[in-house]
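*Asks:* Sequence first, then the predicted structure, then my questions.
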2 protein chains.
Amino acid sequence: MQYGYFDDKNKEYVITRPDTPKSWSNYLGSKEFGSIITNNAGGYTFYKSGGMGRFIRMRFNSVPMDQPGRYVYFHDHDSGDYWSASWQPVGRPLDQFKSQCCHGTAYTRISSEYKGIASQVTYFVPLGKLYEVWKVKITNTGSRKRTLSGFTYQELVGTWNALDDLLNLQYVQYTTQMDIQDGIIDHGTNINIPAMPDNFEEKDQGRHTFQALVGAKIIGYDTDREAFLGPYRTYANPLVVEKGKCTNSRGYGDNPCGSLQFEIILSPGESKELLVLVGIGKAGDEGKRIVEEYSDLHKADENLIQLMNHWHSRIKGITADTPDPLLNSMVNMWSIYNCMMTFAWSRAASLIYTSSERDGLGYRDTVQDFLGPMHAITDEVRERLELMITGQVSTGGAMPVVRPLSHKPGSEKAPSEEEYRSDDCLWLFNAVPAYIKETGDIAFYNKVLPYADKGEDTVFGHLKRAIGFTMERSGTHGLPCGLWADWNDCLRFGHNGESVFVAMQLRLALKEYTEIAALLGNQEEEVWARSLLENVDSTIQQNAWDGEWFLRGYRYDGMKFGSKENSEG
Amino acid sequence: MQYGYFDDKNKEYVITRPDTPKSWSNYLGSKEFGSIITNNAGGYTFYKSGGMGRFIRMRFNSVPMDQPGRYVYFHDHDSGDYWSASWQPVGRPLDQFKSQCCHGTAYTRISSEYKGIASQVTYFVPLGKLYEVWKVKITNTGSRKRTLSGFTYQELVGTWNALDDLLNLQYVQYTTQMDIQDGIIDHGTNINIPAMPDNFEEKDQGRHTFQALVGAKIIGYDTDREAFLGPYRTYANPLVVEKGKCTNSRGYGDNPCGSLQFEIILSPGESKELLVLVGIGKAGDEGKRIVEEYSDLHKADENLIQLMNHWHSRIKGITADTPDPLLNSMVNMWSIYNCMMTFAWSRAASLIYTSSERDGLGYRDTVQDFLGPMHAITDEVRERLELMITGQVSTGGAMPVVRPLSHKPGSEKAPSEEEYRSDDCLWLFNAVPAYIKETGDIAFYNKVLPYADKGEDTVFGHLKRAIGFTMERSGTHGLPCGLWADWNDCLRFGHNGESVFVAMQLRLALKEYTEIAALLGNQEEEVWARSLLENVDSTIQQNAWDGEWFLRGYRYDGMKFGSKENSEG
């Protein structure tokens, strides 16, 4: 089955039929304001953190799989028929409904045609902005005049804390207060509690987002989900869309939504364009200001071109030209593009993770993820590499998670002995030398950076302490202890079980350290590390290299599988 | 709008139209095996714990509100039409689809009629059993022979841990292995990991549930949700039901479900009965054994009558006969019935709580909840009252949550000073005297029970320590500190803020204690408590009784609203 193709020229993946077996997602925005969007316009939006700043709601693993999202519905006032600009959620028969989705560099464009009306919706976040734009173009491709209503739809949260919004219903159904000001929807949560601009992670504070529409006459609105959908209905057949008329509901508690109804009258061949603007702030403040900025709709086109140019200029550093065009597409565009998105958000935002525990950068993942975009966005990587080095504590071990929004090097609490992962700090021996090899910036090794809990050291000193941390936690066979976990995140070996995997990491660490010491002309350290390297090699050969345990990557003694108590002993 | 009425004679609430504005739920089963079911057959099922033992999946606050659940679909092989035995999820027009739901005492019966086919599904858990029964009766009310297929449907979990099942998709989509043995569906999760019968709370262990059908010919099955529903479809229009034919899918990872297709051929006026059995255990073991037990379908009728008699005999102790029949219905049946359900599960299972943190008995809630069913099920209440008294630690304060499945008095970890709620331990002064007044069992005060962490004392001694705990934690005005929370669960006053509410509780505690001491003839304790009571009265009058703070129930000094750091100081 063929669902699409790589468009190398435009750096897009073109999905030519919408009924893909699984959702195909794209990522919009920046570290400050991010969105996930699927090829059927499903997905959610967040500010700063997918866990602590989510304000457009999506339900995970739902039926159908990726609802709700950012929808534009149309109602034909002559026939009474209705559909959505993306195939889903209404899902008209595919012999009548043509739809194509282009996932590009931080933008997604969904084009559809149904019964003589073509629509194109381009979703993107302008560079450096705290709002997303849905650029909508509607064209009458038929031969008679059409009178339509359009309806925007997004489901809004009761709290920006994603976990509470999905689970703590006794809380989130009492938190929202919706308003409309000059035609702009204001989505307020906990607005009777003061805002705390300096404490993003506190969920109990007043917050606002807005939804505005520019370029068409607004003739109604709904901000209460139940009023929009109607009882026992779904996103496939909202009562308001079926009837062609919003109810002007004001959400107060329960489940809020944002829908603006707009009028579209199109002569044959005529097109109209409009913008939906969804962002952080109050309708009357940021909302109003941004609407004024977009009084000339072309500003959106300019911003989109600027965004494309920005991303296209970042896709660089490696070019493959092989006989396999798919390999070329992957290496030249999609691998590096996705590496950059992974770098931006680590595992904090995806269609499968919801946990607000992921509000932060997992140490292992994040340090590994540096390798992908190192050559393309070296300065950004270095900035975050320094952040992660300051997530190493003075014992030499690493904090399991570094929270960039609240991280305070020098005053973080060190993990308890039970919380350390054995592999975390050793990934620095992959990332730091890679940075030096990319830049030649040998002086970086002498840069002094604080530890997370107390004290400071050069980067070289940080690396040495990671080795020390590992050596001090060796088990009875002389191999590194598994601690809470190694790269295999599922087995808890504590201080009794040993990890051959981490022994290999330690070997790499010592080899790298020897070379760095040589590079810095530090003979003493070079000799020290070389000697340890020989010991480690010998220990590995004596103890790890006996078939079964080597293949499994573990040695253990008297451990019960799955028994956390024992493994932490 | 009228949606139903109380049927006092049968102790049922009858919902006469299915399109209620919100779901109306009933509770089936016992502390060992529980189910929630709505008037449209939505809901979930769990073993021992709504948080740690859930195996039929429902999504909270979904669209529509209460899906999925325990469905029976019908497909007419002549017309190709299909519907569900409950109005939802298919939702045929209500001018053609008649439906009535009777919520009774731990059973729910949904009766419907559509185009000449009547169906009645009665859901219940036989007394003391670890499975639920869906008793299905299908009648041809028309004048021509009908050839139908029926399809059971339930969505199954990837793990019994409800929170992981809803959120940790990278985990739960790799955990299941579905099988079918002698026509019985086997739902295995983590089956390559050993079962741990002695450690219910460990989620990483092999577990099995089964679904069987007795009384009709099984002609197909599906155990993979995607195969049953079809892509981009919902519970309203499953592909398998629309086509009238199961695909015999075997779920392996992804999202499992259980559906059995059965054949129904009915002459005019003819009825057929069958049973769906869903429970804990392996298809080939418990499943097969229970199917054999039900080879005579009448066994289900007997079990249902036994269940009704059991519950009706428990609804006792208070009878109201007032001129208001609704008040009578509420007092004589629904209040006590719901109090007993609340007693059984505390807040651990509901349509709005999902958190597995609720795997356990919240101290305050549970001790309060004793008052409702005290007069009707006194022995059961006493058993749990003793459990909760052993949830008090030797400081006199209480554990915020007591986990009955793992609670070990004498070796529990005491809460840290920051974790105590100020009101928790004082609710014993409501519950314990109520038990004595109900039973006259004064000797209970002298019963020795352990503290949660260490040591033991008489019940009288436990009460005294609760007073001591509170007195030792008084603030600058002499009123009890608010600690992590008082009955208002939202404000953290720590040791700087004081709670007038808890001062009132303390006053009640001292008054009760004085009376108990007098009852026990313990003059020394009586004098001690009476003197403290006078002091507390005086302190309350001096400090708490000044308008604003009294009304708010708090005194505080220099606290920032919502600032947890300050409040824990």
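*Replies:* Right, received. Where do you want to start?
*Asks:* Quick test: name the residue nearest the centre of chain A.
*Replies:* A:Ala349 (3.2 Å; CA atoms, centre = their mean).
*Asks:* those helices in the stretch 401-550 of chain A, which residues are they?
*Replies:* A:428-439, A:459-472, A:500-519, A:523-539, A:548-552 (DSSP state H, counting those that start in this stretch).
*Asks:* same question, the stretch 151-300 of chain A
*Replies:* Going by DSSP H, counting those that start in this stretch, the stretch 151-300 of chain A shows helices at A:162-167, A:169-172, A:225-229, A:239-243, A:288-293, A:298-314.
*Asks:* would you list these in CSV and tack on mean neighbour count and distance to B:Arg225?
*Replies:* In short, each C-beta sits where N, CA and C put it, glycine included. Formatted as CSV, these follow (neighbours: other CB atoms under 10 Å in any protein chain shown; distance: least, CB to CB, whole Å):
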stretch, mean neighbour count, distance to B:Arg225
helix A:162-167, 24, 20
helix A:169-172, 18, 24
helix A:225-229, 23, 23
helix A:239-243, 20, 28
helix A:288-293, 16, 42
helix A:298-314, 15, 37
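*Asks:* Turn those into JSON lines, columns for distance to chain B.
*Replies:* Below are these laid out as JSON lines (distance: least, CB to the nearest CB, whole Å):
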{"stretch": "helix A:162-167", "distance to chain B": "5"}
{"stretch": "helix A:169-172", "distance to chain B": "4"}
{"stretch": "helix A:225-229", "distance to chain B": "6"}
{"stretch": "helix A:239-243", "distance to chain B": "12"}
{"stretch": "helix A:288-293", "distance to chain B": "29"}
{"stretch": "helix A:298-314", "distance to chain B": "28"}
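*Asks:* would you list the ones you listed in CSV and tack on distance to B:Gly397?
*Replies:* As requested, the helices of the stretch 151-300 of chain A are arranged in CSV below (distance: least, CB to CB, whole Å):
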stretch, distance to B:Gly397
helix A:162-167, 27
helix A:169-172, 25
helix A:225-229, 42
helix A:239-243, 52
helix A:288-293, 52
helix A:298-314, 57
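*Asks:* okay, the ones you listed in JSON lines with distance to B:Gly53 and mean pLDDT next?
*Replies:* As requested, the helices of the stretch 151-300 of chain A are exported to JSON lines (distance: least, CB to CB, whole Å; pLDDT from 0 to 100):
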{"stretch": "helix A:162-167", "distance to B:Gly53": "17", "mean pLDDT": "86"}
{"stretch": "helix A:169-172", "distance to B:Gly53": "21", "mean pLDDT": "84"}
{"stretch": "helix A:225-229", "distance to B:Gly53": "31", "mean pLDDT": "97"}
{"stretch": "helix A:239-243", "distance to B:Gly53": "38", "mean pLDDT": "98"}
{"stretch": "helix A:288-293", "distance to B:Gly53": "49", "mean pLDDT": "98"}
{"stretch": "helix A:298-314", "distance to B:Gly53": "48", "mean pLDDT": "96"}
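*Asks:* Alpha carbons only: can I get stretch A:217-233 in CSV?
*Replies:* Once non-C-alpha atoms are left out, stretch A:217-233 reads as follows in CSV (Å, rounded to 0.1, in the frame of the first residue of the first chain):
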residue,chain,number,x,y,z
LYS,A,217,-16.8,37.7,9.7
ILE,A,218,-17.3,35.9,13.1
ILE,A,219,-21.0,35.1,13.6
GLY,A,220,-20.9,32.9,16.6
TYR,A,221,-18.9,31.0,19.2
ASP,A,222,-18.9,28.1,21.6
THR,A,223,-16.6,27.6,24.5
ASP,A,224,-18.4,24.7,26.2
ARG,A,225,-17.6,21.3,24.7
GLU,A,226,-21.0,19.8,25.6
ALA,A,227,-22.8,22.6,23.8
PHE,A,228,-20.6,22.3,20.7
LEU,A,229,-20.7,18.5,20.4
GLY,A,230,-24.1,17.8,21.8
PRO,A,231,-24.9,14.8,24.0
TYR,A,232,-23.8,11.4,22.9
ARG,A,233,-22.1,12.8,19.9
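*Asks:* Give the residue spans of chain A that score low on pLDDT.
*Replies:* A:350-359, A:544-569 (pLDDT under 70).
*Asks:* Chain B contacts on that one?
*Replies:* Residues of chain A lying near chain B by CB under 8 Å from any CB of the partner chain: A:19, A:21, A:59-64, A:67-68, A:88, A:91, A:163, A:166-170, A:173, A:193-194, A:196, A:202, A:204-205, A:225, A:229, A:231-236, A:255, A:352-355, A:561-562.
*Asks:* A:Leu239 touches A:Glu226, doesn't it?
*Replies:* No. Using CB atoms under 8 Å, A:Leu239 is not in contact with A:Glu226, being 9.5 Å away.
*Asks:* Give the buried residues for stretch A:425-439.
*Replies:* Judged by neighbour count using 16 or more other CB atoms under 10 Å in any protein chain shown, the buried positions of stretch A:425-439 are A:425-436, A:439.
*Asks:* what's the domain layout of chain A?
*Replies:* A:4-314, A:360-567 (automatic domain parsing).
*Asks:* Quick one: closest of the ones you listed to B:Asn309.
*Replies:* Nearest to B:Asn309 among the domains of chain A is domain A:4-314 (35.3 Å), distances taken as CB to CB.
*Asks:* could you list every residue that touches A:Val291?
*Replies:* If you count contacts by CB atoms under 8 Å, 6 or more residues apart in numbering or on different chains, A:Val291 has them with A:Asp182, A:Ile184, A:Ala212, A:Val214, A:Leu277.
*Asks:* redo that, cut-off 6 Å
*Replies:* Neighbour list for A:Val291: A:Ala212, A:Val214 [criterion: CB atoms under 6 Å, 6 or more residues apart in numbering or on different chains].
*Asks:* so how far is A:Gly281 from it?
*Replies:* Distance from A:Val291 to A:Gly281, counting by CB to CB, to the nearest Å: 11 Å.
*Asks:* And for A:Gln100?
*Replies:* For A:Gln100 relative to A:Gly281 (CB to CB), the value is 33 Å.
*Asks:* for A:Val329, helix, strand, or coil?
*Replies:* Actually, residue A:329 is Ser. It isn't Val. Three-state call for A:Ser329 (DSSP: H, G, I helix; E, B strand; the rest coil): helix.
*Asks:* Near it, how many other residues are there?
*Replies:* When neighbours are counted by other CB atoms under 10 Å in any protein chain shown, A:Ser329 registers 18.
*Asks:* now A:Asn168
*Replies:* A:Asn168 has 19 neighbouring residues, counting by other CB under 10 Å.
*Asks:* burial measure for the closest residue to chain B within the stretch 1-150 of chain A, as a count.
*Replies:* Closest to chain B within the stretch 1-150 of chain A is A:Pro64: 5.0 Å, counting by CB to the nearest CB. Neighbour count of A:Pro64, defined by other CB under 10 Å: 19.
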